[in-house]
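Asks: pasting a predicted model and its sequence here:
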Amino acid sequence: MLSPWMASARRAAPTATATATAAAATATAATATATAGAGPPAAGPHSGAAAALDGLPALDPRALDPLTPVIVGFARTPMGSFLGGLSSLTAPELAGLAIRAALARANGGGGARPPPSGDAAADDADADADAGADDEALPLLPLRLAPADVDEVLMGCVCTADLGQAPASQAARLGGLPDSVPATLINKACASGLKAVALAAQAIRAGAASCVVAGGMEAMSRVPHYLPNLRSGAARLGRAPDGGSRLVDGLLRDGLWCAEGNRHMGDCAEAAAEAFGISRAEQDDAAVATFARARAAEASGAAAREIAPVEVPLEGDIGAGAASATAEGAASAGCAAGKRSANGGGGGGGSGGAVAVALVDRDEPLARFDERKLRALRPCFRRLDGSGGTVTAGNASPLTDGAAAVVLVSARLAAERGLAVLAAVRASADANGPAEAFPTAPSKAAPLALARAGGLTPADVDFWEVNEAFMVVELVNRRLLGLEGGGAGQGAAEGGGGRAAGGGAGSGGGAGEAGADAAAQAPPSPPAFSRVNAHGGAVAIGHAIGASGAVLVGRLVNVLRTEGGRIGCAVICNGGGGASAIVLEAGRP
């Protein structure tokens, strides 16, 4: 039986849950029809995650230990370029959209969802009656996982200045969760989002929770500048030679600067490139290859299975909840009257007082790629010996805005509610070393997580997600983990098109103009296959630092399901010398 509050919430928020659930049900029906024929269905843009990820039979939660943490929903916003299409939204607003979409997808089903057990079937039958006669006009389906079922929200974020008190709680409320759901913010630098997912899995495995929403968020465009000495009255612009009274870039200071080494993280990346003998050409080749894989994933619709398109108001105040996540699948039909797409296409001005919005439905940095200009970019840093560097804005990750949310439940709850399981969390681990050696930390965290997942080794992993904070990080860890045969740097010649990526996180700069005037080019040829970052990485789509760890988890699920892999490992380095890793299982052999 649905509570009066829940019935009211379902009537009041059709865009957030009901419409998306109905859309996912349509996708489910399409999936069933397609799978009855030859092979898996062709995935359309923005189709529901569970319905689209059809490359491998889903895990049956009834066959798992009841306390096994399983992933039943994932969604992320597109990655918005620095000062780009999502820059008017705060980090909690972005996270709220991701939470709503992830919960809607968890309810949307698809794949091999077991029948509900216990009283769930009876609850399903009663749900429409509880909704009341007012719901007759809405094609609502019963919620198998209601907002009130969420025990906790864990949300990663790095740069929290000016977000207001309790940013994770803001995200939870904007995500449609009731006031009774506690929320906690996680700051482990770039690994924040993945650590949030790992902590959620641990809570479920310990029996302390049955349903946790975990993820990450970052609005890098909105991080303010600081006047550190203003409170003491000593701050006057340009007064102190040591910079103590000058404006401090909060994004650089709190997001991109090694505090212990007092140097930019890009300098640390240069040190790694020098220590391992990785050339500028190798980094550029690998960057071109990751762009090619990301663009291929976008063209095939694979990337769209992760993304919840965002409608951003173009006029009026951008208040809490002003933006909205569109229903799954609705974006593929184009923009309605009064709306236009920030990524091309769109409609004319609407009538009847409709608010004009920009539809952001793709990762914006992908449109800024041009191989020729990427290879011509100047280095952003210098090596320790003072010689010219190798890290550029093109082979480092772009500054971006975005958020991601993962819905984790116990296998027991998944079985009781009939939820489709996308993957089980086998294990996670953290590792640490010297602060300036963070580029190599993933090679320490990943083996620890694999060992905890039943004694696995890197050779047992079908697909890897290694965060590309800098391209050299991926190359170094590919080498240290023995993954050289995965295809790094291959497919470089196939990566043409678009505009050059600007404003890399390695540069600490702004949006970048390296390819702003590039003309549209022909679509790229299929890139070389890679077990590492098979659908591209952060150098291509962007690195919203607090969100990227959760993005990796969702993309790993996507890759495992679409490419037919069973075991996957995601690993991400973080400032302070650390890294976090997680091992997922997407299906039984």
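Replies: Arrived safely.
Asks: can you get me a residue count around Pro434?
Replies: Counted with other C-beta atoms under 10 Å, the burial measure for Pro434 works out to 13 neighbours. C-beta: built from backbone N, CA, C; applies to glycine.
Asks: looks like it contacts Gly575 (just checking).
Replies: No - Pro434 is not in contact with Gly575 according to C-beta atoms under 8 Å; the separation is 11.9 Å.
Asks: start to end distance for stretch 175-188?
Replies: The first and final residues of stretch 175-188 sit 23 Å from each other (C-alpha to C-alpha, to the nearest Å).
Asks: pLDDT averaged over that stretch - what is it?
Replies: Along stretch 175-188, the predicted local confidence has a mean pLDDT of 98.
Asks: so which bits of it are buried?
Replies: By 16 or more other C-beta atoms under 10 Å, the buried positions in stretch 175-188 come out as 175-177, 181, 183, 185-186, 188.
Asks: distance to Val312 and secondary structure for these - can I get that in JSON lines?
Replies: Below are the buried residues of stretch 175-188 laid out as JSON lines (distance: C-beta to C-beta, whole Å; DSSP: H, G, I helix; E, B strand; the rest coil):
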{"residue": "Gly175", "distance to Val312": "17", "secondary structure": "coil"}
{"residue": "Gly176", "distance to Val312": "19", "secondary structure": "coil"}
{"residue": "Leu177", "distance to Val312": "22", "secondary structure": "coil"}
{"residue": "Val181", "distance to Val312": "26", "secondary structure": "coil"}
{"residue": "Ala183", "distance to Val312": "24", "secondary structure": "strand"}
{"residue": "Leu185", "distance to Val312": "24", "secondary structure": "strand"}
{"residue": "Ile186", "distance to Val312": "26", "secondary structure": "strand"}
{"residue": "Lys188", "distance to Val312": "29", "secondary structure": "strand"}
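Asks: which member of the residues you listed is positioned nearest Ala91?
Replies: Nearest to Ala91 out of the buried residues of stretch 175-188 is Leu185 (C-beta to C-beta; 10.2 Å).
Asks: dump the residue contacts of that closest one.
Replies: Shown here is Leu185, whose contacts under the criterion C-beta atoms under 8 Å, 6 or more residues apart in numbering are 155-157, 160, 166-168.
Asks: repeat for Arg382
Replies: If a contact means C-beta under 8 Å, 6+ apart, then Arg382 has 270, 388-389 as its contacts.
Asks: could you redo the last one with a cut-off of 6 Å?
Replies: By C-beta atoms under 6 Å, 6 or more residues apart in numbering, the residues touching Arg382 are Gly389.
Asks: and it, how far from Thr390?
Replies: With distances defined as C-beta to C-beta, to the nearest Å, the gap from Arg382 to Thr390 amounts to 10 Å.
Asks: tell me the first helix or strand C-terminal of the longest helix along the chain.
Replies: If you go by DSSP state H, the chain has its longest helix at helix 280-300. If you walk from helix 280-300 toward the C-terminus, the next helix or strand you reach (DSSP states H and E) is strand 310-313.
Asks: partners of that following strand in the sheet?
Replies: The pairing partners recorded for strand 310-313 under DSSP bridges are strand 324-325 (antiparallel), strand 357-360 (antiparallel).
Asks: can you tell me which of those has the worst average pLDDT?
Replies: Set side by side, these differ in mean pLDDT, and strand 324-325 is lowest with a mean of 63.
Asks: restrict the longest helix of the chain to CA atoms and write it as PDB.
Replies: Coordinates of the C-alpha atoms in helix 280-300 are reproduced here as PDB (Å, rounded to 0.1, in the frame of the first residue of the first chain):
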ATOM      1  CA  ARG A 280      54.300  13.800 -25.700                       C
ATOM      2  CA  ALA A 281      53.600  11.800 -28.900                       C
ATOM      3  CA  GLU A 282      52.400   8.800 -26.800                       C
ATOM      4  CA  GLN A 283      50.100  11.000 -24.700                       C
ATOM      5  CA  ASP A 284      48.700  12.600 -27.800                       C
ATOM      6  CA  ASP A 285      48.200   9.300 -29.600                       C
ATOM      7  CA  ALA A 286      46.300   7.900 -26.600                       C
ATOM      8  CA  ALA A 287      44.200  11.100 -26.300                       C
ATOM      9  CA  VAL A 288      43.200  10.900 -29.900                       C
ATOM     10  CA  ALA A 289      42.300   7.200 -29.400                       C
ATOM     11  CA  THR A 290      40.200   7.900 -26.300                       C
ATOM     12  CA  PHE A 291      38.300  10.700 -28.200                       C
ATOM     13  CA  ALA A 292      37.700   8.200 -31.100                       C
ATOM     14  CA  ARG A 293      36.300   5.600 -28.700                       C
ATOM     15  CA  ALA A 294      34.100   8.200 -26.900                       C
ATOM     16  CA  ARG A 295      32.700   9.600 -30.200                       C
ATOM     17  CA  ALA A 296      32.000   6.000 -31.400                       C
ATOM     18  CA  ALA A 297      30.100   5.400 -28.100                       C
ATOM     19  CA  GLU A 298      28.100   8.500 -28.700                       C
ATOM     20  CA  ALA A 299      27.400   7.700 -32.300                       C
ATOM     21  CA  SER A 300      26.200   4.200 -31.400                       C
END
